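Visitor: Could you look at this predicted model? Sequence included:
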Amino acid sequence: MAAHEQHRSSAGLAGLLAEFASAEAVRAAASALRSAGWTRWDVHSPFPVHGIESAMGLRRTGLPWMVLAAGLAGVFLAAGMQLWTNGIDYPMIISGKPLLSLPTSVPIMFELAVLLAAMAAFLGALGLGGLTLFGHPAFSSPRFRRATTDGFFVFLSADDPRFDPAAAQTLLQSAGAVAVEPLQLDASSRQPPSAVYWALATTVVLAMLPPVLVTWYRTGPKPNPRIHLIHDMDFQEKYLPQGTSPLFADGRATRPPAPGTIAQGALEADEHLYTGKIAGQWATRFPVAPTAAMMDRGRARYAVFCAPCHGLVGEGGVSGITSARAVKRREPNWVLPLSLHIPTVREQPVGQLFHTITHGVRTMPAHGAQIPVEDRWAIVLYVRALQRSQNATLDDVPEAVRPRLRP
Amino acid sequence: MDALNPEKRMIPSAKAGAAAIGLFLVGLAGLGCAAALQFRQESSGGYFLHSYLVNFCFFTSLSLGALLFVTLQHIARAGWSVTVRRVAELLADNLAVMFPLLAPLVFTVLAGNGILYPWAVSESGAADHVLHQKQAYLNPAFFVARGVGYFVVWCLTARYLLWLSVRQDRTGDPKLTLSMERLSAPALILLVVTLTLASCDWLMSLWPHWWSTIFGVYFLAGAAVGALALLILLVVLLEWAGPLAGEVTIEHYHDLGKLLLASVAFWGYIAFSQYLLIWYANIPEETAWYHPRHSGPWAWVSMGLLVGHLVLPLFALLSRWPKRNRLSLAFWAAWLLVMHWIDIYWLVMPAYDPQQPRFGLSFVFCLLGMGAVYMAGFLWRCRNRSLVPLQDPRRHEALAFHND
């Protein structure tokens, strides 16, 4: 082998390029070369030649298996991704479908199978065809340019273990070659042009820019506002709250309402009904006559809005579920709600109770925005009933019911 | 001139004619037996009409698929398929045999009894608002007119294509090929439209409340599978028997197998598309059609179709060698022909009995009877005709065709 190597390098011979007149001739030559036992050679033609695979003795490639594997990988990847994300990692019921449902996954399984199979077929065919080959000794022959128009060539490489220039020349000519040309080794031809390296390096540097910028801006506070690559609708031609406008003398864009303006439904002229006061003093009577229906309404609204903190009978403390939970969780800022049955609350006029519900007191929030005014008065009525029920004497109980009382 | 000798490419006419007449009589007897058995089982005739519809749609779809194949080959100017095209042309022309077999459907609809089609009851409009709304389309007179119209279009197209092709056998005029190509494009459009409407009329309107816009494509995909399967079986038989010997090579089987595989995948794609949309939207008026097919013994038929009509043949035909082996390709063609029949059965029979699939001796009589009539029609058409287009300008291309 050593002598052979020396022979090749001293000759500087890359191989022999033989040109043939037609597709039939090159196919016959391929059969001849194959039966003569040569192994390192290839056929170049401007179009696929029917039957060239069997003439050259090409084995079937593994590409179909690569495509099948990629397609199946797509199926299982898509199935796993969807079932894991939507069924296990972040279970979310969509349209009442089961969490681990196959039909919903099938479209993506199909798409990913097609995508990966197509990519495997495309890249696999290019890879198996030797795409990364940047140069070839045959390129040094002007004759070879016709391989893309009307020329049919066989290139016999000097790498072939049986290579012998004279014997190879004879064989190619006897196979019907119209011309046989020896080609010299060209060391640079197998190297990619330097422009390829520059393009790759530039791409890598440019690709690094976004992650570097993101990392830089995320390391700490920056004095400048963030970079708006895409403005979306962040900046619009409109006045914002507290903005200025040269149109008005005071320069304010937001205009105060004209004096005396009352919004629709905000007149609230009835002082007793809306504030719980009569001539500035707490009202001691209801603005509407209490009825059984009002009591029922008050009881229902009390259960919704008041009972979570004060408890269903108004004992305060931990009798309401919200209060009980806050105490159980040891919430540090929780203040226990008052009992509605302590003397200070019982002695308050109904107007003051109404005011407390409307505007809140101490840590109790205001409920005026949530509860319509009639419902607030109904709640006051029910609170009054609760207070009386918890402080009743035997005289308060009707005669008919008394026998049912337990001692 | 041996290649142009039609005698070598024919089934002897006397034999073909005798066999056709024999088969025709056997077929009529089979259909008679089926009718007698089924009417004894159920005097109203519902069982007979439903089983008749299954087989009528099955054999019609085979010929429609063959007509699709012929027009597609012309539009694509395909060279490889020339030597198998005549068999498909003869199968397509067999639509003329199916035309008179439309009669029982016509009679039951005109009788207005609703045994087969619930909308055909004369007073259905008054009781059912949906049917009342659909009456402009779903009424007996229009149904019959449409059915006749479809068959007239199909028979004329198939007969004209066959006539041009057979004429070329004698004259060798290459312009006839151009005529067939020019006819095929508009014919294909017309064919797909009429086929879609026919599938809606005959199969979808069994559930007049239900609809699916993809139903016609589903029927077309199944028809393509069935027709290719039958074509492969006939080509294998005719090559073995002589008329096609030397005219088809393993390369033709390979390409027919590829088309079969593609049709199977297409059928699966369409079937799942229809299922997924209805399953996902989950609207009762749409899911009502799938509900009986999802429950009880019918669920097994549905699963059987999924496995037998899609998964198994898809993977079995994926590789190269099963398509390049006459025996394995013929096996899968026969398998898919059976599956296509089950597919049509699955489309029709839940309308008769949503609880369980019904099958029995009378069903076999009906299938074999109509099959015998169908094959009799095919053999009758083979008389005096070469089974390959002798002077098609692309015949040499088909003979030299190679996949590599």
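Guide: Cool, got the structure.

Visitor: Please name the residues that touch residue B:402.
Guide: When the contact criterion is C-beta atoms under 8 Å, 6 or more residues apart in numbering or on different chains, the partners of residue B:402 are A:50-51, B:251. Where you see a C-beta, it was placed from the backbone N, CA and C, and this is true even at glycine.

Visitor: give me that answer again for 10 Å
Guide: With C-beta atoms under 10 Å, 6 or more residues apart in numbering or on different chains as the criterion, the residues that contact residue B:402 are A:50-51, A:54, B:80, B:249, B:251, B:254.

Visitor: so when I look at it, I'm seeing a strand, right?
Guide: No. With DSSP: H, G, I helix; E, B strand; the rest coil as the criterion, residue B:402 is assigned coil and is not in a strand.

Visitor: where's it relative to residue B:252, distance?
Guide: Distance of residue B:402 to residue B:252, given as C-beta to C-beta, to the nearest Å: 11 Å.

Visitor: and if you look at residue B:150?
Guide: Taken as C-beta to C-beta, the span from residue B:150 to residue B:252 is 31 Å.

Visitor: For residue B:94, the count of nearby residues, please.
Guide: 26 (other C-beta atoms under 10 Å in any protein chain shown).

Visitor: Find residues that contact each of residue B:402 and residue B:252.
Guide: residue B:80.

Visitor: Would you check which pair of the contacts of residue B:402 lies furthest apart?
Guide: The distance between the two most remote of the contacts of residue B:402 (C-beta to C-beta) is 18.8 Å, for A:54 and B:80.

Visitor: Please identify which of the two sits among more neighbours.
Guide: residue B:80 (22 against 14).

Visitor: what secondary structure does the more buried one sit in?
Guide: Applying three-state DSSP: residue B:80 is coil.

Visitor: Test my guess that it contacts residue B:392.
Guide: No. Here residue B:80 does not reach residue B:392: they are 11.9 Å apart, not a contact under C-beta atoms under 10 Å.

Visitor: what sits in contact with each of the two?
Guide: With C-beta under 10 Å, 6+ apart as the test, residue B:80 and residue B:392 both reach residue B:398.

Visitor: Can you pull the residues of chain B lying near chain A?
Guide: B:268-269, B:272-273, B:275-276, B:279-282, B:315, B:318-320, B:400-404 (C-beta under 10 Å from any C-beta of the partner chain).

Visitor: Of those, which belong to helices?
Guide: Mapping those onto helices (DSSP state H) picks out B:268-269, B:272-273, B:275-276, B:279-281, B:315.

Visitor: and those, which are buried?
Guide: Among these, those scoring as buried are B:268, B:272, B:275, B:279 (criterion: 16 or more other C-beta atoms under 10 Å in any protein chain shown).

Visitor: The closest residue in space to the first one that isn't next to it in sequence in helix, strand or coil?
Guide: Leaving aside its sequence neighbours, residue B:268 sits nearest to residue B:310 (C-beta to C-beta, 6 or more residues apart in numbering or on different chains; 3.9 Å). Applying three-state DSSP to residue B:310 yields a three-state assignment of helix.

Visitor: what about residue B:310, how many neighbours?
Guide: 18.
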